[in-house]
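Engineer: Sequence unavailable; structure follows:
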């Protein structure tokens, strides 16, 4: 007797030769209970043609079923698989295909979810073949995932269900994902998403509505990228912002839990009244150094609170430092504990100066200005800097200026470093700026403005120097013959090639800012690379000496 088919099956777009199907478990269960089946690609057979006879038996014998509790899924050796199960037969008879949903970066930028979640989705989508999210039916989607023992094919199901409430006219929206993070079995990853909610929300809202994972946010980004899905799943797109609005506090970070199981987190108080009953720490009361140990997601952490320095000694130390180093007056001067012993008298000067972000970015701007020179071709090597992640986040704020959301990178590339230290696998994020005004806005500082156009003069020995600034007082110093124009020197200009601009109306070049984080993981130092090109003009025309060097 022929076996009955389990139910409808849909073929996935994988971007490879793998023939993977999403299949319903059985007709007596709901349409949201699904699993995966892998059909082999037989050489000489058209995958789109209907299989019959010996070809069908061949495909049945080599197919793999990955549905839990199916007898076929328990057999590991392909040679003894034999006839196909009902799930495999359903896939062989299916002509349905899933509907891929493409992600649009502009739509992701507008989402009111945490930027680190959007970056995680964006980075994952950049490194896979085929679409990240595919629609199977009205309520079920397939999302690409990391390969593990529960998801050997690298795909999983996530469902968004409208469920009617018993004895009531209305319904509620529910969702669930089959990954360990969503189920709470992966403590590290689950806490990453769980920590965004305040303790108030956790105690008030049902637990299922606060569960999150990267696959959930991948679907949210996909919904926002498609106009029809955006309207259909508006409830889920706006859910995070609605939940945060219900809470009076915004969680900045989650440190872990104390011995009573209570959350230790950093929150922003919405009202000063929230702080009336709080005890404020008075550092003057701390006469001895205190060590506080707490269990966090990264293990046991120790926080040391140094003993307070008496006010009189603190003022005297600062006065001594300012006399010996007047520049330190303009910088943050931390107090130095008494128990620190130095070989010299007074305060150790290296504890006083601190480089401010504006000073640092002014040095970057000065380096860009120095690089643009008429004497050299306009294709310099990238400028390389090693900086802290804090400084880069400040720079990224400038890149995202004018937008309420942080701008996502234009490209994300993972690469393995094997020929030089540090060894390992790193990720490079690239922001490509195509507007010259935007570049100037990023790098302009009060100390050093960005020079997008520089004027040079040619010396007798063929070298070039910066032209002196014009002096109006010298304009009438030299005589002028009647009916004759004054002789003008050659006008030599070097300009930054970024997008269309007055000196290059058809320009298409971009100003690229590359960032490789965690190159030094302990000190949180990353590598910043700046790539740009510049052009030369002689009397308003492109200097022909550089035509053979400059790219189009």
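Structural biologist: Sure thing, it's come through. Note that this is a predicted model, so its numbers are computed, not measured.

Engineer: drop to CA atoms for contacts and neighbour counts, all remaining ones
Structural biologist: Will do.

Engineer: the bottom helix or strand of this structure by mean pLDDT?
Structural biologist: helix 311-324 (a mean of 42; mean pLDDT, DSSP states H and E).

Engineer: Can you tell me the closest non-neighbouring residue to residue 416?
Structural biologist: Nearest non-adjacent residue to residue 416, counting by Cα to Cα, 6 or more residues apart in numbering: residue 425, 4.3 Å away.

Engineer: show me what contacts that neighbour?
Structural biologist: Counting by Cα atoms under 8 Å, 6 or more residues apart in numbering, residue 425 makes contact with 414, 415, 416, 417.

Engineer: which residues does the second one bridge with?
Structural biologist: What that stands for is residue 415. Beta-bridge pairing of residue 415 under DSSP bridges involves residue 426.

Engineer: What is the burial count for it?
Structural biologist: Counted with other Cα atoms under 10 Å, residues neighbouring residue 415 total 10.

Engineer: Any figure for the gap between it and residue 439?
Structural biologist: To residue 439, residue 415 is 27 Å away according to Cα to Cα, to the nearest Å.

Engineer: so what pLDDT did residue 34 get?
Structural biologist: pLDDT, residue 34: 88.

Engineer: whoops, I mixed them up, residue 27
Structural biologist: For residue 27, pLDDT reads 64.

Engineer: and what of residue 386?
Structural biologist: Reported pLDDT for residue 386: 94.

Engineer: wait, doesn't it sit right on residue 528?
Structural biologist: Yes: applying Cα atoms under 8 Å as the test, residue 386 and residue 528 come out as touching, 6.1 Å apart.

Engineer: what about these two, which has more around it?
Structural biologist: residue 528 (22 against 15).

Engineer: Hmm, that one is touching residue 389, no?
Structural biologist: No: using Cα under 8 Å, residue 528 is not in contact with residue 389; the gap is 10.0 Å.

Engineer: ok but residue 506 is inside a strand, no?
Structural biologist: No: Residue 506 is assigned coil when assessed by DSSP: H, G, I helix; E, B strand; the rest coil, not a strand.

Engineer: Okay, it and residue 21: tell me how far apart.
Structural biologist: Going from residue 506 to residue 21 by Cα to Cα gives 48 Å.

Engineer: Same question for residue 56.
Structural biologist: For residue 56, the distance to residue 21 - Cα to Cα - is 16 Å.

Engineer: Neighbour count: the two, which is higher?
Structural biologist: Legend: neighbour count by other Cα under 10 Å for residue 56 and residue 21, higher for residue 21 (26 against 15).

Engineer: part of a strand, is the more buried one?
Structural biologist: Yes: using three-state DSSP, the assignment for residue 21 is a strand.

Engineer: If we ignore the residues flanking it in sequence, what's nearest it?
Structural biologist: Of all residues not flanking residue 21 in the chain, residue 11 sits nearest, at 4.4 Å (Cα to Cα, 6+ apart).

Engineer: Got phi/psi on residue 244?
Structural biologist: phi -60, psi -30 (degrees, to the nearest 10).

Engineer: Was I right to think it contacts residue 199?
Structural biologist: No: checked against Cα under 8 Å, the pair residue 244 and residue 199 is beyond contact range at 11.5 Å.

Engineer: and residue 363, what element?
Structural biologist: In this structure, residue 363 sits in helix 357-371 according to DSSP states H and E.

Engineer: in that helix, what counts as buried?
Structural biologist: Buried residues in helix 357-371, counted by 16 or more other Cα atoms under 10 Å: 358, 361, 362, 363, 364, 365, 366, 368, 369, 371.

Engineer: List the contacts of the closest residue to the second one other than its chain neighbours.
Structural biologist: If I follow you right, that is residue 361. Nearest non-adjacent residue to residue 361, counting by Cα to Cα, 6+ apart: residue 443, 6.9 Å away. Contacts of residue 443 were listed using Cα under 8 Å, 6+ apart, and they are 361, 362, 364, 365, 449, 450.

Engineer: What pLDDT does the model give residue 443?
Structural biologist: With respect to pLDDT, residue 443 scores 94.

Engineer: Repeat that for residue 289.
Structural biologist: On pLDDT, residue 289 comes in at 60.
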